[in-house]
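[1] Structure for the following, please:
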Amino acid sequence: MGTEGATGSRRTAAVEDVAHLLVRCLRAEGVEYVFGIPGEENIRFVDALNDSGIRYVLVRHEQAASFMAEIYGRLTGRAGVCSATLGPGAINLLLGAADAMTNSAPLVALAAQGSLRRVHKESHQVIDLVSMFAPVTRWSARIECPDAVPEMTRKAFKTAQSERPGAVFLAVPEDIEAEAPAEPLGPLQIDAVHADAPSPSQIARAAEVLAAARNPLVLAGHGAARAGASAALLRFAERLDIPVATTFHGKGVFPDDHPNALGAVGFMRHDYGNFGFDAADVLLCVGYEVQEFDPVKINPNGDKRIVHVHRFPAEVDAHYPVAVGVEGDPAQALDALAAALPDGLAHDASSSTTKIRALLDEELRYGRDNEAFPLVPQRVVADVRAALDRQDIVLADTGAGKMWMSRLYPTYEPNTCLVSNGLSTMGFALPGAIAAKLARPDRRVLAVMGDGSFLMNSQELETAVRERVPLVVLVLVDEEYGLITWKMELELGRHSHTRFTNPDLVAYAESFGARGYRVESADDLLPLLRRAVDDDGVSVIACPVDYSENLRLTDRLGTLSGPF
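    Modelled structure (predicted):
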């Protein structure tokens, strides 16, 4: 345990109300943005943000505010902050808080509450928010004493930013917000927990397991990205010539153009990368969390030996039997493990890995060369990759488009292809793109959304235009909840209740002051993407997609057999 030094004095010259004290505590935590909508019960807090150095981003729906806070936290490692009034406003923060929790992203949700004089009884807009948020947060509490603000704020951020990160909820009663502490108070000192070195005895045990392996394989999850373990993963993979797969949530922590890259696993059927797992006898899982991807799909018989490398113990699962758990900083653990292995232990990963990579490349080539209209999803993936630089950020919203992007989109750096994999919620990508651009203003940002998910939070186009946050939304148009149709056809042989209609998406975008584009041939998409991502504004591209490729893919995967 170490300290970064005091971020503010414990005492100040004058007593201030809770609203101003809370804002000073947020500022001491390094908060740059608060995403939210004001309410009658938190007007003092919103007013106190003026001239504080914290930018209040007014949104059009509190759910969008929670998604913005989540993506900001995921990209920066510092808790994103969202704010709402009591009752319905607070309830609307719940989805993003749950999404952050299941995606291991740091988030602090602040909501107003009725006064302490009436929260014990049936009262206008009062419900038990603390109990509501408790199951989807690391900590949920109500501030009941002005003097507790510095301690509770520090605890909220310390908890949200711990390993494993997650969501925290604080309710601020309207009467407490207006009160002042008994004496002048200020923010508390920030304690920074430094990365722990792994246990030498556990490294030795893990080295024994790997030394005895015939076909080891690395699975890197989002925890490896959070830990900044990319360079260590590269060193380890090259030292042992071992293949590395990632979860959808961990895409980019190992570059997909590296010869040892096996791609991402997480698809609903036995995908190409799964064949690499079929032949593996030892899995080295680095920063992997069971919520990212059900281990039954890579260890169906529960017979593979697993070395779990993370900052906390693995979840218990019958298909994830941990032979050795190495707790500590993943990057340090990988380097220590490589040093502990004998020379000459390198495995030949080339045969199956080369075949799997060739199959992925073949799909992308099929997309690049396909002139069909509406576009096949492989063409969309290929053109998005061609339009963006290696470090640019794409957010793939939940739906059929996410499956194609997560499987096929070559990713080279951590946190440059963002999905919701823990909760897999729809509608996060547009508000998330706003936060991504604010967190990484030097990157170009693209949200890829189905037309179903786009209409769930499309009102945030107004936020992006008003706040002058340049981004692009690529809407994949099929007038259907395509992923549900795909699943119903696979399981039932038919589908129902998944069709809908859309407004004119170009006119809709323009009505918000954004630019609207319509793809009218396969060759339109790439130049429109390049034009839009280079533009210093908000753009929406409506792109018709033919999802008959969905069933063709699962049929083709069903005919594949291994080993490769």
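
[2] When you work out contacts or count neighbours from here on, use the C-alpha atoms and nothing else.
    Will do.

[3] Please, where are all the helices along the stretch 251-400 of the chain?
    272-279, 330-340, 350-369, 377-387, 400-408 (DSSP state H, counting those that start in this stretch).

[4] The nearest residue to Ser66 once chain neighbours are set aside and Phe35: what is the separation?
    The shortest distance from Ser66 to any non-neighbouring residue, by Cα to Cα, 6 or more residues apart in numbering, is to Gly96 (4.5 Å). As judged by Cα to Cα, to the nearest Å, Gly96 and Phe35 stand 12 Å apart.

[5] I'd like the next helix or strand past the helix or strand encompassing the residue nearest to Ser66.
    Under the criterion DSSP states H and E, the helix or strand holding Gly96 is helix 94-102. Sequence order places strand 107-113 as the next helix or strand after helix 94-102, per DSSP H and E.

[6] in its sheet, what does that next one sit against?
    Strand 107-113 pairs in its sheet with strand 80-84 (parallel), strand 167-173 (parallel), by DSSP bridges.

[7] between that strand and helix 94-102, how many degrees?
    150 degrees (axes from the mean of the first three to the mean of the last three Cα atoms, to 10 degrees).

[8] What ranges in the stretch 151-300 of the chain fall below the confidence cut-off?
    193-194 (pLDDT under 70).

[9] ok so, going back, reformat the helices of the stretch 251-400 of the chain as TSV; add distance to Pro106 and mean neighbour count.
    As requested, the helices of the stretch 251-400 of the chain are exported to TSV (distance: least, Cα to Cα, whole Å; neighbours: other Cα atoms under 10 Å):
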stretch	distance to Pro106	mean neighbour count
helix 272-279	30	23
helix 330-340	19	21
helix 350-369	33	17
helix 377-387	28	22
helix 400-408	23	23
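
[10] Put together CSV for these, with distance to Ala439 on each row.
    What follows is the helices of the stretch 251-400 of the chain, written out as CSV (distance: least, Cα to Cα, whole Å):
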stretch, distance to Ala439
helix 272-279, 32
helix 330-340, 24
helix 350-369, 30
helix 377-387, 21
helix 400-408, 22
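
[11] Who are the contact partners of Val136?
    Ala97, Ala98, Met101, Ala167 (Cα atoms under 8 Å, 6 or more residues apart in numbering).

[12] just checking, the second one touches Arg138?
    It refers to Ala98. No. In this structure Ala98 lies outside contact range of Arg138 using Cα atoms under 8 Å: 10.2 Å.

[13] shared neighbours, the two?
    Applying Cα under 8 Å, 6+ apart, one finds that Ala98 and Arg138 are jointly contacted by Ala167.

[14] related to what we said a few turns ago, state the mean pLDDT of the helix holding Gly96.
    Average pLDDT, helix 94-102: 98.

[15] Show me what it is packed up against.
    Packing partners of helix 94-102 (3 or more Cα pairs under 8 Å, 6 or more residues apart in numbering; DSSP states H and E): helix 62-76, strand 107-113, strand 167-173.

[16] what angle sits between it and helix 62-76?
    Going by the same axes, to 10 degrees, helix 94-102 makes 20 degrees with helix 62-76.

[17] Need the residues touching each of Gly96 and Phe35.
    Ala65, Ser66.

[18] between the two, who's got more neighbours?
    Neighbour count, other Cα atoms under 10 Å: between Gly96 and Phe35, Gly96 has more, with 28 against 24.

[19] got the contact list for that one?
    Listed by Cα under 8 Å, 6+ apart, the contact partners of Gly96 are Gln63, Ala64, Ala65, Ser66, Phe67, Glu70.

[20] Max pairwise distance over those: which two?
    Gln63 and Glu70 (10.8 Å; Cα to Cα).

[21] Mind checking the pLDDT average for stretch 112-120?
    Averaging pLDDT along stretch 112-120 yields 89.

[22] So which bits of it are buried?
    By 16 or more other Cα atoms under 10 Å, the buried positions in stretch 112-120 come out as Ala112, Gln113, Gly114, Ser115, Val119.

[23] If anything else comes up later, I'll come back, but that's it for now.
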